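*Asks:* Pasted the sequence and its predicted model underneath.
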Amino acid sequence: MRVLGIETSCDETGIAVYDSEKGLIANELFSQIPIHAQYGGVVPELASRDHIRIALPLIEKALQQAHLSKQQIDGIAYTAGPGLIGALLVGATIGRSLGFALDVPTLGVHHMEAHLLAPMLENNPPSYPFLALIVSGGHTLLIRVSSFGDYDVLGESLDDAAGEAFDKTAHLLGLSYPGGPALAKLAEKGNEKRFHFPRPMLKRPGLDFSFSGLKTAVVNVAKKTTLDEQTKANIAIAFQEAVVDLLTIKCQRAIKQTGLRRLVIAGGVSANLRLREKLKQLMHQLEGELFYPRLEFCTDNGAMIAYTGCQRLMRGEKDDLEIKARARWSLNELSTVVIHT
Ligand code: KG4
Ligand code: ZN
């Protein structure tokens, strides 16, 4: 089955074609970073307008890359949520209408399920069951993945998401949007001994996260200090260490609690090399294994949507003619996979 995937939930237009036999056969991405950078963050209205401008030409480009005509597509998957509603509606309208015109099954995909399954696009994919840490700009989730479509959220952030904490701290340090990668780069020049930030929620049992206390601690230090380049780098590394520590300790707890020995990390923050290094060490110690997507599939992309859609469409799932888009959509609400025989 050949599935066209359309991702427009935030500031990236991602289009891909996944073939259930050949794997990924086309992948195109158009980043809106230059559009939003001047505002220091994503401007939803500008995001929607740019998806409208880019999505159709990018679909043509992806089909050319796959050497396919539209008529050779067997199914369509688009991101139905969670995300920015205007941006989602662009992909949903295009995806659903194209599915109707081509008379192929169409499905609205959950963006976080797609992130979670992105490592399945790699050569050495994890087998089920596994533990997943999803760290993106809008979510921080620890999930027990028993099998495809069977997810149990064990912990989540009670306030900011990990990526959001990176972005806000980066903004405070005067770094350009998107803040996460810029902060990680600055941290390379920092002295990690100069500052020490709290690791919120560690004293409490459980697997939930909180990042707002850490953010306040950084604000307080920044207010009292002259922010020269070296000081900014010292703050960046201390902040990154605190986030990475916090995520690592919670993963360790979840592994102990579930007995699982395979850990998957995905979502934008899983591109952070320090986080990967720390979690690799942890899994080595525990005689387990760490799985993550290649860097370009950590952040938003069409490939993960095409893959996830293909898995569900092949199991017989499809939407009716409704154009589906939900700004908020908990992974717990996601229907378990129904197998039609
Ligand atoms: O998954 P994603 O592309 O979009 C959402 O679904 O939210 O994640 C974007 C987030 C942003 O907050 C960005 O700053 C963060 O991922 N990010 C990073 C790195 N690369 C992206 N955070 C820390 N270190 C990185 N290298
Ligand atoms: Zn995302």
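*Replies:* Now that the structure is in, tell me what you want to look at. Residues are numbered from 1 along each chain as shown. Ligands and ions are numbered 1, 2, ... in the order given.
*Asks:* Okay, and the closest residue to Ile73 other than its chain neighbours sits in which element?
*Replies:* Across the structure, with Cβ to Cβ, 6 or more residues apart in numbering as the measure, the residue nearest Ile73 apart from its sequence neighbours is Leu4 (5.0 Å). Placement of C-beta: from N, CA and C, glycine included. Under the criterion of DSSP states H and E, Leu4 resides in strand 2-7.
*Asks:* okay, that strand in PDB with CA atoms only?
*Replies:* Only the C-alpha atoms of strand 2-7 are listed here, as PDB (Å, rounded to 0.1, in the frame of the first residue of the first chain):
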ATOM      1  CA  ARG A   2       1.300   3.500  -0.900                       C
ATOM      2  CA  VAL A   3       0.300   6.200   1.400                       C
ATOM      3  CA  LEU A   4       0.700  10.000   1.000                       C
ATOM      4  CA  GLY A   5       1.400  11.700   4.400                       C
ATOM      5  CA  ILE A   6       0.700  15.300   5.000                       C
ATOM      6  CA  GLU A   7       2.000  17.200   8.100                       C
END
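*Asks:* and the residue lying closest to Pro126 once chain neighbours are set aside, how many residues sit next to it?
*Replies:* The spatial neighbour of Pro126 that comes closest, neighbours along the chain excluded (Cβ to Cβ, 6+ apart), is Phe291 at 4.3 Å. The number of residues packed around Phe291, counting by other Cβ atoms under 10 Å, is 20.
*Asks:* what's across from Phe291 in the sheet?
*Replies:* Each beta-bridge partner of Phe291 is listed here: Val264, as defined by DSSP bridges.
*Asks:* ok, it touching Phe130?
*Replies:* Yes. With contact defined as Cβ atoms under 8 Å, Phe291 counts as touching Phe130 (7.4 Å).
*Asks:* Which neighbours do these two have in common?
*Replies:* With contacts defined as Cβ atoms under 8 Å, 6 or more residues apart in numbering, the residues shared by Phe291 and Phe130 are Arg262, Leu263, Val264.
*Asks:* Show me which of those are buried.
*Replies:* Members of the shared contacts of Phe291 and Phe130 that pass the buried threshold by neighbour count (16 or more other Cβ atoms under 10 Å) are listed as Arg262, Leu263, Val264.
*Asks:* Dump those residues into CSV; add pLDDT as well.
*Replies:* Compiled in CSV, these are given as follows (pLDDT from 0 to 100):
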residue, pLDDT
Arg262, 98
Leu263, 98
Val264, 98
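*Asks:* which one among the residues you listed gets closest to Phe148?
*Replies:* Val264 (12.8 Å; Cβ to Cβ).
*Asks:* ok, and the closest non-adjacent residue to the spatially most central residue of the chain?
*Replies:* Nearest to the centroid of the C-alpha atoms of the chain, with distances taken as Cα atoms, centre = their mean, sits Gly267, at 2.7 Å. What sits nearest to Gly267 in space, not counting adjacent residues and going by Cβ to Cβ, 6+ apart, is Ser136, at 3.5 Å.
*Asks:* Could you give the number of residues near Arg2?
*Replies:* The tally of other residues near Arg2 (other Cβ under 10 Å) stands at 20.
*Asks:* again with Arg253
*Replies:* Per other Cβ under 10 Å, the neighbour tally for Arg253 reads 17.
*Asks:* The strand or helix carrying it vs ligand 1: in contact?
*Replies:* Here Arg253 is covered by helix 229-258, with elements defined by DSSP H and E. No. Under the criterion of Cβ under 6 Å from any ligand atom, helix 229-258 makes no contact with ligand 1; the nearest approach is 7.6 Å.
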